[in-house]
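[1] Give me coordinates for this.
(2 chains)
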Amino acid sequence: MSDLDIQIPTAYDPFADANAENSGAGTKEYVHIRIQQRNGRKSLTTVQGLKKEFSYNKILKDLKKDFCCNGTVVEDPELGQVIQLQGDQRKNVSTFLVQAGIVKKDHIKIHGF
Amino acid sequence: MADDKQNDVKDEVAELAPFDPSKKKKKKKPVVQDGIDDSAENLAEKVETLSVSEGLESTFTGLKKKKKKPAEVSLLNEESVETGGEDLDDLAAESEEGEGIVLQQRYPWEGSDRDYEYEELLGRVFNILRENNPELAGDRRRTVMRPPQVLREGTKKTVFVNFMDLCKTMHRNADHVQAFLLAELGTSGSLDGQQRLVVKGRFAPKNFEGILRRYVSKYLDDQIFLLLFEFATGKFLLLFLFNLTSTYCFQMNMLSALGAKVLTQYFRRRIDSSFSDVRSVALDDRLHLSKLVLLLVLGEGMLELELASFLSILYLDIL
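    Have a look, this model is predicted:
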């Protein structure tokens, strides 16, 4: 019981070491894949959250070729660069990203119906 | 599967109710193995249906992370926070009364020097708890929500009729659910005069169901993460980290911002350092970020003074 002296909290940040250790493995940057509806059965798939190091144009080109759809990269002021694809490509995009090794499967979040 | 599990648990509870050490020895191994299998498969599963289970008791069944009804849990936890924080005598006493015989069991880890696995410790703790307090190892009741009813309004709009009912069943603010729903659907919508949600676009009930299921698993499931510390004296310190996001506890404090993983690592390190005779620390590595509001510490056989001072250290650091 001697090592149970009540410690007076000083400027000691109890989470400093935890955060430092965690920042590498713990914090997750998710890739969000969303869908929006357009006229009739048409929809729009949005991919957001990919790391900035990637060349979005190349990824877009591959996606367009793979899924035979059109797409574009849009600059969003707060969300960064967003990939838009025509049609409901959510599953396609997630398998593509995982297979290409761009993102790990548990970093992908699929939203929408 | 849940029903099987329930029956399983009932059987176990019934069998273990008369505290007979000789009986327990035989049952120990199958129970532990059962527990391990159970927890392994159950940890892999997510919410299958729109079901919300209830009660603090449900944490002790099935040896796995439990999903609980927010309302119940928050009430219970308010009590237990008081007991945990202020009056630890109850907890310590309650857990001490069943100490009794030190089991010379054949544990899976015996015979080698390896550290305990999470499921093993989990099984052991829950068995001890079940023997001592069988009423805590209660049944897991599942409340099934009604399926969403959806109508077309015009050609471009969909009306979600059961919206308010579902919100009430989940004990959630309508605003929060609405915001989530609209964000997931990617459309706009609003509540009309009859408290129905009108959403722009054509959606099927199946779509709504999927989104609601996601909502439940993300926000409703009071996920409980367990930190197990076993001391060299054979006693346990079990740390429950609750994820309470019910409407009652909706005002998150700074704990939530930190995330479960950080906090559990922190506790692990603190306990490791402050208690020299910690023999093993087991942590469920399958944590994902969740919002923590309350802490409940269950000490089995620890001296009250130790527990009290430990908690005070924790609270001083965090709060």
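[2] so how many other residues sit close to the closest residue to residue B:181 other than its chain neighbours?
    The spatial neighbour of residue B:181 that comes closest, neighbours along the chain excluded (CB to CB, 6 or more residues apart in numbering or on different chains), is residue B:211 at 6.0 Å. For every residue, glycine as well, the C-beta is placed using N, CA and C. With neighbours defined by other CB atoms under 10 Å in any protein chain shown, the count for residue B:211 comes to 22.
[3] Surely residue B:211 and residue B:148 touch.
    No. Contact criterion CB atoms under 8 Å: residue B:211 and residue B:148 do not qualify, at 9.1 Å.
[4] Look up how far residue A:71 lies from whichever residue of the stretch 51-200 of chain B sits closest to chain A.
    With CB to the nearest CB as the measure, residue B:186 is the residue of the stretch 51-200 of chain B nearest to chain A, at 4.2 Å. According to CB to CB, to the nearest Å, residue B:186 and residue A:71 sit 17 Å apart.
[5] quick one: which of the two has more around it?
    The neighbour comparison of residue B:186 against residue A:71 (other CB under 10 Å) goes to residue A:71, with 21 against 18.
[6] Phi, psi for the more buried one please.
    Dihedral pair for residue A:71: phi -160, psi 170, per degrees, to the nearest 10.
[7] Report the secondary structure state of the nearest residue to it once chain neighbours are set aside.
    Nearest non-adjacent residue to residue A:71, counting by CB to CB, 6+ apart: residue A:85, 4.1 Å away. Counting by DSSP: H, G, I helix; E, B strand; the rest coil, the backbone at residue A:85 sits in strand.
[8] Next: residue A:44.
    Classified using three-state DSSP, residue A:44 is strand.
[9] Pairing partners for it in the sheet, please.
    Going by DSSP bridges, residue A:44 is paired in beta bridges with residue A:36, residue A:86.
[10] May I have the predicted confidence score for it?
    At residue A:44, the pLDDT value in this model is 93.
[11] I figured it was touching residue A:82, is that so?
    No. Contact criterion CB under 8 Å: residue A:44 and residue A:82 do not qualify, at 10.8 Å.
[12] just to revisit the earlier point, who touches the residue of the stretch 51-200 of chain B closest to chain A in this structure?
    A:34, A:35, A:36, A:37, A:111, A:112 (CB atoms under 8 Å, 6 or more residues apart in numbering or on different chains).
[13] The fourth one - how many residues pack around it?
    What it means is residue A:37. 20.
[14] what does the second one give?
    Residue A:35 is flanked by 20 other residues according to other CB under 10 Å.
[15] Do you know the pLDDT at it?
    Reported pLDDT for residue A:35: 90.
[16] If anything else comes up later, I'll come back, but that's it for now.
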